[in-house]
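Engineer: Structural data only, the sequence is not supplied:
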């Protein structure tokens with residue numbers, strides 16, 4: 001469940017909030033020699049100032065495919081290519097874009113909750129297997145089930161807190 005929570009945190013970090021951060025491009029996949037490759041594996045990514053993300057490819061021949069992947073991504077930013085580096089000028093968010101990003105954050109939060117619940121499902125199957133095998137009593141089975149549910153509720157609450165924090169960050173102008 002902690003891994004699902006960490007995955008949700010990484011997903012939220014890639015949602016832009018009007019400020020340039022290198023994590024904005026973490027979810028961008030580039031079709032590099034026929035294999036979807038994370039952009040961060042093909043280029044150095046930095047944010048020299050609050051309004052610009054600088055992408056410097058390790059292989060200069062990959063600039064065109066990186067630019068194509070950035071155009072196809074859900075960032076909503078058009079890349080500027082000078083032949084050596086790619087710059088993403090991060091404009092301030094409009095009210096409509098903030099609402100759209102809020103919906104994206106809510107969807108990512110729901111995905112995080114689903115991941116936590118899937119872990120709960122696997123844990124409950126394991127607990128039920130212990131009961132069927134006769135290694136635990138009925139009372140212990142119920143106690144284990146309650147412990148798994150309590151842990152799930154705590155992690156779902158943490159995901160909800162992350163969603164609220166990210167949406168509050170988006171609401172700031």
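Structural biologist: In hand now; what should we look at? What you are looking at is a predicted structure, and each value in this text was computed from that prediction instead of being measured.

Engineer: How far off centre is the helix or strand of the chain with the lowest mean pLDDT?
Structural biologist: In the chain, no helix or strand scores lower on mean pLDDT, DSSP states H and E than helix 2-13, which sits at a mean of 87. Computed by C-alpha atoms, centre = their mean, to the nearest Å, the chain-centroid distance of helix 2-13 equals 6 Å.

Engineer: Next: stretch 92-99.
Structural biologist: With C-alpha atoms, centre = their mean, you get 20 Å for stretch 92-99.

Engineer: Over to stretch 21-29?
Structural biologist: For stretch 21-29, the distance to the chain centre is 9 Å (C-alpha atoms, centre = their mean).

Engineer: Identify the residues contacting that stretch?
Structural biologist: The contact list for stretch 21-29 (C-beta atoms under 8 Å, 6 or more residues apart in numbering) reads 10-11, 13-16, 36-40, 45-47, 53, 55, 69-70, 73, 75, 88, 90. The C-beta positions use only the backbone N, C-alpha and C, and glycine is treated the same way.

Engineer: Generate a PyMOL selection restricted to the buried subset of those.
Structural biologist: Applying 16 or more other C-beta atoms under 10 Å to the contacts of stretch 21-29, the buried members can be selected in PyMOL as follows:
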select buried, resi 11+13+14+15+16+37+39+40+45+47+53+55+69+70+73+75+88+90
